[in-house]
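Peer 1: Dropping the sequence and predicted coords here.
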Amino acid sequence: MKIVVIGGTGLIGSTLVARLGERGHEAVPAAPSTGVNTLTGEGVKEVLHDANVVVDVSNSPSFADDDVMTFFRTSTANLLDAAREASVGHYVALSVVGTDRLPESGYLRAKVAQEELIKGSGLPYSIVHATQFFEFAGSIADSATADGKVRLPGAGVQPIAAEEVAAAVGDTAVGDPLNGTVEVAGPEAFGLDQWVRTVLAARHDPREVITDPQARYFGAAPDRELLPGAGAHLAQTQLSEWLTRQ
């Protein structure tokens with residue numbers, strides 16, 4: 001199959017393109033650097049010509065509330081229009097566990113808007129909800145750092161290795177459309193503070209992680225909303241194994 005991966009040069013996208021290629025598919029990475037800009041529409045119709053599947057793992061370059069909403073609404077609308085015109089048979093998007101449970105987060109509100117556009121498009125679709133990636137612990141710490149200290153709530157998280165997210169998205173892309181959502185998560189649950197503290201310690205990062213129930217996570221105050229449901233697909237890689245490989 002010809003599978004176009006929007007965001008195909010990024011963390012998830014590049015791994016996904018490689019995996020799909022190994023399975024004998026024509027995996028086409030699409031990103032501004034390859035001449036495809038979903039925000040402006042440049043190159044979108046051309047890259048989707050004769051595509052069987054489009055997979056959107058792109059992300060907004062800015063996480064400011066207005067910027068991220070504009071990005072997901074505009075880019076998704078452009079992709080859906082082009083996918084309909086090209087008669088794409090399966091539209092796959094990567095999203096986040098808990099999107100609809102934390103409306104105070106501008107980023108998650110934007111992901112909800114993206115999902116609603118996909119569900120209302122009339123195209124056969126699948127949405128993969130993933131938990132936080134192991135790889136993002138450092139950027140989460142950076143966003144929560146003030147005066148050299150990291151303040152995070154003890155909210156439950158079940159982080160996952162990015163390569164296993166890519167594997168789950170790839171399996172979904174080559175399967176039949178779900179016309180629904182599937183969840184994928186790591187094998188272990190942690191407190192958000194505990195997870196980031198463990199990663200920083202393994203990297204010999206001297207910042208102290210303070211457990212602060214009032215601290216926000218990208219504008220939200222989560223408790224258990226970021227944890228997957230009972231039917232989630234659980235990956236195999238534990239945090240300790242992943243840290244050993246870094």
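Peer 2: It's in.

Peer 1: give me every residue that touches A230.
Peer 2: With Cβ atoms under 8 Å, 6 or more residues apart in numbering as the criterion, no residue contacts A230. All C-beta atoms are positioned from the backbone trio N, CA, C, and that covers glycine.

Peer 1: May I see the buried residues of whichever strand or helix holds D67?
Peer 2: Following DSSP states H and E, one finds D67 within helix 65-85. By 16 or more other Cβ atoms under 10 Å, the buried positions in helix 65-85 come out as V68, M69, F71, F72, S75, T76, N78, L79, L80, A82, A83.

Peer 1: what do you get for stretch 140-149?
Peer 2: Counting neighbours by 16+ other Cβ under 10 Å, stretch 140-149 gives I140, A141, A144 as buried.

Peer 1: Let me know the closest of these to A30.
Peer 2: Lowest distance from A30 to the buried residues of stretch 140-149 (Cβ to Cβ) belongs to I140, with 27.5 Å.

Peer 1: Which pLDDT value goes with that closest one?
Peer 2: As predicted, I140 sits at a pLDDT of 96.

Peer 1: What of F63?
Peer 2: According to the prediction, F63 has pLDDT 88.

Peer 1: Quick one: neighbours of it, just the number.
Peer 2: 17 (other Cβ atoms under 10 Å).

Peer 1: what about the nearest residue to it once chain neighbours are set aside, which helix or strand?
Peer 2: Distance criterion Cβ to Cβ, 6 or more residues apart in numbering; nearest residue to F63, sequence neighbours excluded, is Y107 at 5.6 Å. Per DSSP H and E, Y107 falls inside helix 106-119.
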